[in-house]
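Chemist: next come a sequence and a model predicted from it.
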Amino acid sequence: MKKILVIEDDVAIRQELSELLENASYEAAVLEDFVNAKNAILAAGADLILLDINIPGLNGELLLREIRKETDVPVVMVTSRDSEADEVLSMSYGADDYITKPYNPTILLLRISAILKRAEHTASVCHYKDLCINSAKGVLKKGEEELFLTKNEMIILQVLLDKQGVIVSRDELMTALWDNNEFVNDNALTVNISRLRAKLAEFGYEDMIETRKKQGYLLV
């Protein structure tokens, strides 16, 4: 269930948005700490934020600019301001959409759904050198060629990609696999890494993963 954080000081509108989201099968959360808004937003771990421009003691556009320094979480501005200048400023600060009040509930939900789908697709695709890697599908693509990885192989590669240039210990890799409901002991991890390396070598990336004895693995 996707979590959406509502940042709105009008209690009635906040309640209305929360009910709308929950009826659409989203988890709705509300920001209650406007004093430490930025930290509260980052701690919320939301998949999307609905942000009003006029909030207590703050300017929503400036708050957006600040949180964009820390996270790429999708943000939709939902505000009574309908000036073109506010919309342009919000989009320039990193808003994903801008909706004015009174809003059409159906349109708002459709826009939220579209943004979440777009964010999910973007998050699942990354690049390494000339490889396009779709972690959701476990597919590596080079030109017209494709390499398919197992779930465990993709988890291992994703951890190394996320920490590229940093040595990743065997314990970290086993924890990542365990967090995905797959218990893997030390021997099984060795087998998975060997298979991953063999596949990468056949695909033309023989030295993609470097072993550091007694330390772990490094994606180079």
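Modeler: All right, it came through fine.
Chemist: please look at residue 45 and residue 27 and confirm they touch.
Modeler: No - between residue 45 and residue 27 there is no contact under CB atoms under 8 Å: 10.5 Å. C-beta coordinates here come from the backbone N, C-alpha and C atoms, glycine included.
Chemist: which residues in the chain form strands?
Modeler: Using DSSP state E, the strands of the chain run over 3-7, 27-30, 48-51, 54-55, 58-59, 75-79, 97-100, 125-128, 131-134, 139-142, 145-148, 209-212, 216-219.
Chemist: so which of those is nearest residue 177?
Modeler: Proximity to residue 177 (CB to CB) singles out strand 216-219 among the strands of the chain, at 13.6 Å.
Chemist: from the chain's centre, how far out does the closest one sit?
Modeler: Strand 216-219 sits 24 Å away from the centroid of its parent chain (CA atoms, centre = their mean, to the nearest Å).
Chemist: now for residue 19, how many residues are close by?
Modeler: Neighbour count for residue 19, taken as other CB atoms under 10 Å: 12.
Chemist: which residue is the nearest non-sequential neighbour of it?
Modeler: Spatial nearest neighbour of residue 19, excluding adjacent residues (CB to CB, 6 or more residues apart in numbering): residue 28 at 7.9 Å.
Chemist: if I look at the residue most central in space within the chain, how far off is residue 80?
Modeler: Most central in the chain under CA atoms, centre = their mean is residue 123, positioned 5.5 Å from the mean C-alpha point. According to CB to CB, to the nearest Å, residue 123 and residue 80 sit 32 Å apart.
Chemist: then residue 90?
Modeler: From residue 90 over to residue 80 (counting by CB to CB), the distance is 13 Å.
Chemist: what of residue 74?
Modeler: Residue 74 sits 21 Å away from residue 80, taking CB to CB as the criterion.
Chemist: quick one: which of the two has more around it?
Modeler: Of the pair residue 74 and residue 80, residue 74 is the one with more neighbours under other CB under 10 Å, namely 21 against 12.
Chemist: so which residues of the protein form helices?
Modeler: Using DSSP state H, the helices of the chain run over 11-23, 37-44, 60-67, 84-92, 105-124, 151-162, 170-179, 186-202.
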